[in-house]
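J.: Sequence plus the predicted model coming up.
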Amino acid sequence: MSTMQVSNRNDPVVESLDDLIAPMQRGEKPRDAWRIGTEHEKFVFDTRDHHAPTYVEPGGIRDTLKAMEAYGWEPVLEKGPAGSTDGPNVIALSGADGAISLEPAGQLELSGAPLENLHQTCAETGRHLTQVKEIGDRFDKGFLGLGLWPDKRREDLPVMPKGRYAIMLQHMPRVGTMGLDMMLRTCTIQVNLDYSSEADMVKKFRVGLALQPLATALFANSPFLEGKPNGYLSYRSHIWSDTDPARTGMLPFVFEDGFGYERYVDYMLDVPMYFVYRDGRYIDAAGQSFRAFMDGKLPALPGEKPTKADWVDHLSTAFPEVRLKSFLEMRGADGGPWNRICALPALWVGLLYDQTALDAAWDLVKGWDMDGREALRASVPKLGLDAPVPGGGKLRDIAGEVLNISRAGLSARARLNSSGDNESGFLAPLDQIVASGKTPAETLLDLYHGAWGGDISRVYEQSF
């Protein structure tokens, strides 16, 4: 649901606060126009020796992208760096099912099309995974649904030829200790959802932030680092705790009186920039101020002022647990296997797209204070469902209730497939997790300490 805005100096210039608020206001849609956009990433590995393929090696990432064109996908090209003879490189694909893009170390992401219901979402996911598996069989490549590379060091991983990643890889170590891990070693599942008004956005944002740690626990799937247990259930979530504090976290101001579009704009103006995109290339503006840009004082582009497309690009460079653009992104879940990809949007659609369910979810969390929310966010990467919730008890004590609220919301939506089933069946993997009391990470750890005999290579048996 998000795309790069190809900005040039002749595009409309940002002239007022109204221009900054406009992308969020444009996101307002009547209920019957609300859509579901699901994004899921996966690790690519060579089935013969489990290495992460480079962009250029035979049967590697470039060849995989080019092979996808046989299924009707159109290549998206990017020029090489200024002064370089490299490129243009295929760095993404576009098609009826959305976009396929490259994460920094070659993780493949499907950013799905905005769809009306979860039956369509699962059909889209199935088409995509069938296509990549067919190509993988041809090139001896497999695809792994985890939140973290289980056995790879940073230096084992390739870097894809995308301009924004070169800037980010250079900047990340300046602002945190784990930003490179976030870029190179993680995968996630996300869902992008709509709102009808500013007030509707605010309520959904608050419920999404408060309950994001529950999604992190239910999808916790990154217990291994460099071949061994790492002491966490969601190490991917832990990585975000020291990636870049200026653009991550639980956003306490969202729960303050008066929160709305303008307050989020204030936040984004204070998020340091990464880049400006001009004429097909990225210009390094890492750490510079968008406020200075609006005054024509950006060191990277002296005298120029930002275009509206620059602002939309900038909105994509903050990484809080829930992110606002022209829709809301739920960002707390680890990557996972096929059956859990559809469960993540099911959870949030059930909670946020039915008014009775949204009200019930808000009633459950509205008494939590910010210290309690922060403590929950900090503890869930290690403790999972045993993380303490504000006011007493543990996440596992409310998990079933939240799933029941979501299930009721999905049933009330009454989006039926050809067999007459509503969307609530997509929650089944989460029901199983709650019933067992074990996160996916704990199930993997049981296998590691049991049937696998400490052999981390057995994790590749979990591939799609």
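T.: On my side now, so go ahead. Numbers count the residues shown, from 1 in each chain.
J.: Show the subsequent helix or strand relative to the longest strand seen in the chain.
T.: Longest strand in the chain by number of residues (criterion: DSSP state E): strand 36-46. As assigned by DSSP states H and E, the chain's next helix or strand after strand 36-46 is helix 61-68.
J.: for the chain, which spans come out with low pLDDT?
T.: 1-9, 81-87 (pLDDT under 70).
J.: switch to 80 and redo it
T.: The chain contains residues with pLDDT under 80 at 1-10, 80-87.
J.: the residue most distant from the middle of it, which is it?
T.: Relative to the mean C-alpha coordinate of the chain, counting by Cα atoms, centre = their mean, the farthest residue is Gly303 (34.6 Å).
J.: residues in contact with that one?
T.: Gly296 (Cβ atoms under 8 Å, 6 or more residues apart in numbering). (C-beta placed from N, C-alpha, C; glycine too.)
J.: quick one: it and Asp18, what's the gap?
T.: Between Gly303 and Asp18 the computed distance is 24 Å (Cβ to Cβ, to the nearest Å).
J.: So what's the residue count around Tyr306?
T.: Check again: residue 306 is Pro, not Tyr. Neighbourhood size, Pro306 [other Cβ atoms under 10 Å]: 23.
J.: try Asp151
T.: Asp151: 17 surrounding residues under other Cβ under 10 Å.
J.: The chain should start at 821 in everything you say after this.
T.: Taking 821 as the first residue, the last one we looked at is Asp971.
J.: Who's the closest spatial neighbour of it, skipping the chain neighbours?
T.: Spatial nearest neighbour of Asp971, excluding adjacent residues (Cβ to Cβ, 6 or more residues apart in numbering): Gly1047 at 4.6 Å.
J.: quick one: contacts for that neighbour?
T.: Gly1047 makes contacts with Pro970, Asp971, Ile1276, as judged by Cβ under 8 Å, 6+ apart.
J.: which among those residues gets closest to Leu1171?
T.: The nearest member of these to Leu1171, counting by Cβ to Cβ, is Pro970 at 30.7 Å.
J.: contacting residues around the closest residue to Gly999 other than its chain neighbours?
T.: Once flanking residues are discounted, Gly999 sits nearest to Met992: 2.9 Å by Cβ to Cβ, 6+ apart. By Cβ under 8 Å, 6+ apart, Met992 lies in contact with Gly999, Leu1000, Met1002, Met1003, Thr1063, Asp1064.
J.: Show me which of the residues you listed is closest to Trp1188.
T.: Trp1188 lies nearest to Thr1063 out of the contacts of Met992, by Cβ to Cβ, at 24.3 Å.
J.: that older thread, counting only helices, which of the contacts of Met992 make the cut?
T.: Gly999, Leu1000, Met1002, Met1003 (DSSP state H).
J.: Next one: the third one from His948, what distance?
T.: If you measure Met1002 against His948 using Cβ to Cβ, the figure is 24 Å.
J.: Surely Glu1141 and Val1200 touch.
T.: No: using Cβ atoms under 8 Å, Glu1141 is not in contact with Val1200; the gap is 10.7 Å.
J.: Have a look at the two and say which one is more surrounded.
T.: Val1200 (29 against 24).
J.: That one against Ala1037, yeah?
T.: Yes: if you go by Cβ under 8 Å, Val1200 and Ala1037 touch, sitting 5.3 Å apart.
J.: rewinding a little: now the angle between helix 881-888 and the longest strand of the chain, please.
T.: Strand 856-866 and helix 881-888 are oriented at 130 degrees to each other (axes from the mean of the first three to the mean of the last three Cα atoms, to 10 degrees).
J.: Strand 856-866 - contacts with which helices or strands?
T.: strand 928-931, helix 938-959, strand 961-964, strand 1008-1013, helix 1163-1172 (3 or more Cβ pairs under 8 Å, 6 or more residues apart in numbering; DSSP states H and E).
J.: Can you tell me which of those is most buried?
T.: Highest mean neighbour count among the helices and strands packed on strand 856-866 (mean count of other Cβ atoms under 10 Å): helix 1163-1172, with a mean of 28.
J.: then it to CSV, C-alphas only?
T.: Only the C-alpha atoms of helix 1163-1172 are listed here, as CSV (Å, rounded to 0.1, in the frame of the first residue of the first chain):
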residue,chain,number,x,y,z
ALA,A,1163,-3.6,-14.7,11.0
LEU,A,1164,-1.9,-11.3,11.5
PRO,A,1165,-4.3,-9.2,9.4
ALA,A,1166,-7.2,-11.3,10.8
LEU,A,1167,-6.3,-10.2,14.3
TRP,A,1168,-6.2,-6.5,13.5
VAL,A,1169,-9.1,-6.4,11.0
GLY,A,1170,-11.3,-8.1,13.7
LEU,A,1171,-10.3,-5.6,16.3
LEU,A,1172,-10.3,-2.4,14.3
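J.: Can you redo the contacts of Gly1047 as CSV, where the extra columns are distance to Ser1054 and secondary structure?
T.: CSV is the format used below for the contacts of Gly1047 (distance: Cβ to Cβ, whole Å; DSSP: H, G, I helix; E, B strand; the rest coil):
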residue, distance to Ser1054, secondary structure
Pro970, 13, coil
Asp971, 17, coil
Ile1276, 18, helix
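J.: Ala1180: which of those residues is nearest?
T.: Distance to Ala1180 across the contacts of Gly1047 (Cβ to Cβ) is lowest for Pro970, with 37.6 Å.
J.: neighbours around the nearest residue to that closest one once chain neighbours are set aside, how many?
T.: Nearest non-adjacent residue to Pro970, counting by Cβ to Cβ, 6+ apart: Phe1044, 3.8 Å away. Counted by other Cβ under 10 Å, the residues lying close to Phe1044 total 23.
J.: and the gap between Phe1044 and Pro895?
T.: From Phe1044 across to Pro895, the span is 34 Å (Cβ to Cβ).
J.: go on, Ile911?
T.: As judged by Cβ to Cβ, Ile911 and Pro895 stand 9 Å apart.
J.: try Phe1025
T.: From Phe1025 to Pro895 the distance is 36 Å (Cβ to Cβ).
J.: Pro934 too?
T.: Distance of Pro934 to Pro895, computed by Cβ to Cβ: 22 Å.
J.: so who does Met1150 touch?
T.: Neighbouring residues of Met1150 by Cβ under 8 Å, 6+ apart: Gln1010, Val1011, Asn1012, Leu1013, Gly1028, Gln1032, Ala1035, Val1142, Leu1164, Trp1168.
J.: My reading is that Val896 lies in a helix. Confirm?
T.: No: counting by DSSP: H, G, I helix; E, B strand; the rest coil, Val896 falls outside a helix, being strand.
J.: Check the contact between it and Asn909; I expect there is one.
T.: No: using Cβ under 8 Å, Val896 is not in contact with Asn909; the gap is 9.7 Å.
J.: Now do the contacts for Cys1162.
T.: Contacts of Cys1162 were listed using Cβ under 8 Å, 6+ apart, and they are Thr858, Leu938, Thr941, Cys942, Thr945, Phe1246.
J.: rerun that using 10 Å as the cut-off
T.: For Cys1162, the contact set (Cβ atoms under 10 Å, 6 or more residues apart in numbering) comprises 858, 860, 938-939, 941-946, 1009, 1243, 1245-1249.
J.: Report how many residues lie close to Gly1078.
T.: Residues within reach of Gly1078, counting by other Cβ under 10 Å, total 8.
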